[in-house]
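Chemist: quick one, fold the following:
(chains A and B)
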Amino acid sequence: MYIREKIEEQIKEIMANALNKSVEEGVLSIETMPDLFLEMPREKEHGEYSTNVAMQLPRQTKKSPRFIAETLVGYMETEGSYIDAIEIAGPGFINFKLKKTWQYSALKDIAVLKENYGRSDKNKGKTFNMEFISANPTGPMHMGNARGGAIGDILAAVAGWTGYEVTREFYINDAGNQIVKFGDSLDVRYRQLLGETVDFPKDGYQGDDITEHMKDFIGLKGDQYLTLESDARKKILVEYALEKNLTQIKKDLETYGIYYDVWFSEQSLYDSGAIESTLELLKKGGYAFEEDGAVWFKATSFGSDKDDVLIRANGIPTYFMADIAYHMDKFLNRKFDRCINVWGADHHGHVARLKGALTAVGVNAGQFDVVIMQLVRLLRNGEVARMSKRQGKAIALTDLIDEVGVDATRFFFNLRSPDSHFDFDLDLAIEESSDNPVFYVQYAHARICSIIRQMEEEVDKTVPLDYTRLTEKEEFHLLETLSLFPNEILIAEERLDPSRITRYTIELASAFHSFYNACHVRIEDPILMKARVALIEGTQQVIQNSLGILGVSAPERM
RNA sequence: GCGCCUGUAGCUCAGUAGGAUAGAGCAACGGCCUUCUAAGCCGUGUGCCAGAGGUUCGAAUCCUCUCAGGCGCACCA
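Modeler: Residues are numbered from 1 along each chain as shown, chains lettered A, B, ... in the order given. Below is the predicted model:
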C-alpha cells in the first residue's frame, strides 16, 4: 500500500472512531453516517488533508459546524499516527497537518517497487477490453485516428497499471456497405487502367491509393480478371486490397507504438452466425419488430427518441446490428468484465442505442463505456484545414509521425482531456521548439541521467542513507509530487481520462527543474549528497514509469 | 426543432464529484550560467469563470432558462 493510501486510511479511521465515540457518549446524535471524505487543500497552511464532515452534520445533529468540529477533534486519538496537528478553520473545516517525515516514505516505496511503482491491484483478476481506432480498412489512416490511438493505447496502459488484464482490440470493418463501395471503386480503377471507359461511382473512394493498388495488382496478375463476372472480380480485388491495407495499417500503428492483441473481423460475425443468433435473441425478447420490410430495434423502450433499423428491407444487416453482435461477443462469449471504446464525437449518437441494445440482450451496460473524443481540427498557416478521406486529401498518420515524431505525437494528442475540442497546429508541432512540452519532460530525465552518470563514483557507500536530510521546500515539493503518482493512475482509470498522466509528467518535470535550480546534488556533504542522489533516482524512476505509460521515450542524453 | 460536447487571463488549457484568497503554460517585462545540461529556474499582472435565475453554511463545479461554437439526429459507418 502506498504512503498516501496508508495516511488517508488512517485519518478516516481516526475520524470514524471520533464520530462513533461522540455519538456513544451522547454529545452528538446522528442517524446516518456522513461521507468521511478527505480532500487535499490548495493552500499549504490548511494542511495536507482536510475534511468537511463537520459541515455536513448540522442538520442531523442540530449543532453548529464549529461545535461539531471541536467535539470531533476532542475525540480524535492521534497517538502514533502520521498526524502532527489538527486545526479547525473557516466555517468548520478540520485540517490535518502531517509529521514532517511522511514524504520520505514515497521515496522508499519507489526504491522498493522500482518500475512497478504506481501499479495497484485494485482491478486484479478482472479483464478489460480496449477497442480503439478501428479505422476503416478501405484506405490509410489519417490524423483523426492519431488522437484516438493515443487515448486508447494510453488508457489501456493505465487500466493495466490498476490491475486489469488488458486486451487491445481493433475491429475491422470488413463487411457491409463501405466494402461494397470499396469494391466498386477498385473495380472501376482496374477496368480504367486496362483501357475501358467507365464512369467512377459518385460516392466512391477517390483516393490515389485505390489506383495504386490496382496498378500493383495488374503488375502481378495482369488483365486475366477483366472477363470475369463483375461480382466475382470485385471479391478478388477487395480481398487483395484489404489485405494490403490491413498490413499497412498494422505497420503504421506499430510505428506509432501501438500493438494490438486482437484484430476482430466484422465479417467473422456473419460467418459464425453471431449476427443471426443475436437477432433471434432480440426477437425473442420482444425488442425487434418488422415494419416497411425492415427489422427494427425498439430503441424507444430504452430512452431513445426513435427506433433503429437492424436489417434493411433488402435483407442486409446494418452496422448497428453487427455492433450489437460484436459487443455481445465481448461480454457474453469472451466474458470481459469491462469494455471501453474510443469513438469520435461524430458517433456519439450511437452510444445510447448500443447501450440500450446491450441491455436488451442481457448485458449489464454499466460495464460498457465509450470515451467520446472531440474531433481534431487541423490548423495550417493558422487556417482550418478540413480532412476528408473520400477526397484523398487527408493528412496521413504516417506523415504526421514523420514530421513531428512519435513521442511528440503521442504526448500532444494526450495532452488535453478527450472532451476538449482540440486544435492541432501543424506548424507549431513541426517546429520541435521548447514550446513542445514533451521536450520539457524528457529534458528533466536527461538532466537526471547526466547527474547520475557523474555521481556514480562519488557517492560514498559507507555513509548512511538518511532521507531526513532532505529539508528544502523544493525537495519536499518534489517528494510530494512523487507520492501523487499512484493516485493519478487510479483517477485516470476511474474517469477514463488518460490525459491526466501527461499533465502529471509535466508537473513532475517542473518540480524537478525547480529542485535542480535550488539544490545541488554534487556537494561536499556526503550524507546530504547521498540523500539527494536517492531523490533524483526516485524522480528518474517515476518519469520513466509515467512516460512508459504514455509510450514516450525517456532519453538519457539530449 | 431535438440530443451530446464545449464556453475560465490576450492565446492554449487545468481546476482533484460542492469547499477556504481562481491556477498553469505560451505571449510581455525584469532577474539567474567561473559550480551537476540555460531545451532550465526565479519574479512581476491579468479574470462579470459566456449571461440570468435557483438549490445551501458555501457554486467555475449541481438544476432551469438564454446566448455562442462544435458534432450528431439515414434502411451510412
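Chemist: list the residues that contact residue A:133.
Modeler: A:141, A:145, A:148-149, A:152, A:170, A:253, A:258, A:342 (C-beta atoms under 8 Å, 6 or more residues apart in numbering). (Each C-beta comes from the backbone N, C-alpha and C, glycine too.)
Chemist: again, only using 7 Å
Modeler: A:145, A:148-149, A:152, A:170 (C-beta atoms under 7 Å, 6 or more residues apart in numbering).
Chemist: ok, now residue A:130?
Modeler: Per C-beta under 7 Å, 6+ apart, neighbours of residue A:130: A:152, A:155-156, A:159, A:166-169, A:340.
Chemist: what bridges to it?
Modeler: According to DSSP bridges, the partner residues bridging residue A:130 are residue A:168, residue A:340.
Chemist: distance check, it against residue A:260.
Modeler: From residue A:130 across to residue A:260, the span is 10 Å (C-beta to C-beta, to the nearest Å).
Chemist: now the common contact residues for the two.
Modeler: Joint contacts of residue A:130 and residue A:260 (C-beta under 7 Å, 6+ apart) are A:168-169.
Chemist: looking at chain A, which helix or strand is least sure?
Modeler: strand A:383-385 (a mean of 64; mean pLDDT, DSSP states H and E).
Chemist: following it, which helix or strand comes up?
Modeler: helix A:397-404 (DSSP states H and E).
Chemist: so what does that following helix touch, helix or strand wise?
Modeler: Secondary structure elements in contact with helix A:397-404, counted by 3 or more C-beta pairs under 7 Å, 6 or more residues apart in numbering; DSSP states H and E, are helix A:143-161, helix A:230-255, helix A:426-431.
Chemist: that one and RNA strand B, are they touching?
Modeler: No: Helix A:397-404 stays clear of RNA strand B (C-beta under 7 Å from any atom of the strand), getting no nearer than 13.4 Å.
Chemist: what about that helix, average pLDDT?
Modeler: Mean per-residue pLDDT for helix A:397-404: 86.
Chemist: and what of stretch A:411-418?
Modeler: 90.
Chemist: if we look at it, which residues are touching it?
Modeler: A:146-147, A:150-151, A:154, A:371-373, A:422, A:429, A:437-438, A:497-499, A:502, A:550, A:552.
Chemist: write a ChimeraX command that selects only the buried members of those.
Modeler: Filtering the contacts of stretch A:411-418 down to the buried ones (16 or more other C-beta atoms under 10 Å) takes a single ChimeraX command:
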select /A:146,147,150,151,154,371,372,373,422,429,437,438,497,498,499,502,550,552
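Chemist: and the contacts of stretch A:411-418 near RNA strand B, which?
Modeler: A:372, A:422, A:437, A:499.
Chemist: now the two most distant members of those.
Modeler: Using C-beta to C-beta, these span at most 24.4 Å, a distance reached by A:372 and A:437.
Chemist: and chain A, what are its domains?
Modeler: A:3-99, A:103-122+A:435-550 (automatic domain parsing).
Chemist: turn the ones next to RNA strand B among the contacts of stretch A:411-418 into TSV, including pLDDT.
Modeler: Converted to TSV, those look like this (pLDDT from 0 to 100):
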residue	pLDDT
A:372	91
A:422	75
A:437	88
A:499	94
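Chemist: just the ones of those in strands?
Modeler: Counting by DSSP state E, the part of these found in strands is A:372, A:422.
Chemist: what's the closest of the ones next to RNA strand B among the contacts of stretch A:411-418 to residue A:407?
Modeler: Of these, the one sitting nearest to residue A:407 (C-beta to C-beta) turns out to be residue A:437, at 10.9 Å.
Chemist: can you tell me the closest non-neighbouring residue to that closest one?
Modeler: Nearest non-adjacent residue to residue A:437, counting by C-beta to C-beta, 6 or more residues apart in numbering: residue A:506, 5.5 Å away.
Chemist: up against RNA strand B, what does the stretch 1-150 of chain A have?
Modeler: A:39-43, A:45-47, A:50, A:52, A:55-56, A:58-59, A:65, A:89-91, A:93, A:95, A:136.
Chemist: would residue A:330 count as being in a strand?
Modeler: No: remark: residue A:330 does not belong to a strand; assigned using DSSP: H, G, I helix; E, B strand; the rest coil, it is helix.
Chemist: wait, it sits on residue A:337?
Modeler: No: taking C-beta atoms under 7 Å as the definition, residue A:330 is not a contact partner of residue A:337, at 10.5 Å.
Chemist: the two: which is more packed in?
Modeler: Using other C-beta atoms under 10 Å, the more surrounded residue of residue A:330 and residue A:337 is residue A:330, with 25 against 15.
Chemist: can you tell me how far that one sits from residue A:116?
Modeler: Residue A:330 is 29 Å from residue A:116, by C-beta to C-beta.
Chemist: check which helix or strand covers residue A:379.
Modeler: strand A:376-380.
Chemist: pairing partners for that strand, with directions?
Modeler: Strand A:376-380 has these strand partners (DSSP bridges): strand A:383-385 (antiparallel), strand A:422-425 (parallel).
Chemist: closest to the centroid, which residue in chain A?
Modeler: residue A:155 (2.4 Å; C-alpha atoms, centre = their mean).
Chemist: wait, doesn't that residue sit right on residue A:495?
Modeler: No: at 10.3 Å, residue A:155 does not count as touching residue A:495 under the criterion of C-beta under 7 Å.
Chemist: and residue A:109, how far is that from RNA strand B?
Modeler: 19 Å (C-beta to the nearest atom of the strand, to the nearest Å).
Chemist: one step back: most tightly packed of the helices and strands packed on helix A:397-404?
Modeler: helix A:143-161 (a mean of 25; mean count of other C-beta atoms under 10 Å).
Chemist: looking at that helix now, give me its mean pLDDT.
Modeler: 93.
Chemist: distance between the helix or strand hosting residue A:351 and the chain's centre?
Modeler: Residue A:351 is part of helix A:349-360 when elements are defined by DSSP H and E. Distance, stretch centre to chain centre, for helix A:349-360: 22 Å (C-alpha atoms, centre = their mean, to the nearest Å).
Chemist: what helices and strands are in contact with that helix?
Modeler: helix A:319-328, strand A:368-373.
Chemist: okay, angle between it and helix A:319-328 too, please.
Modeler: 50 degrees (axes from the mean of the first three to the mean of the last three C-alpha atoms, to 10 degrees).
Chemist: hang on, the earlier thing: most tightly surrounded among the helices and strands packed on helix A:349-360?
Modeler: It is helix A:319-328: most buried of these by mean count of other C-beta under 10 Å, with a mean of 22.
Chemist: so what pLDDT did the residue lying farthest from the centre of chain A get?
Modeler: What lies farthest from the middle of chain A is residue A:227; by C-alpha atoms, centre = their mean that is 50.4 Å. As predicted, residue A:227 sits at a pLDDT of 92.
Chemist: please tell me I have it right and residue A:545 contacts residue A:114.
Modeler: No: Residue A:545 is beyond contact range of residue A:114, at 8.6 Å (criterion: C-beta under 7 Å).
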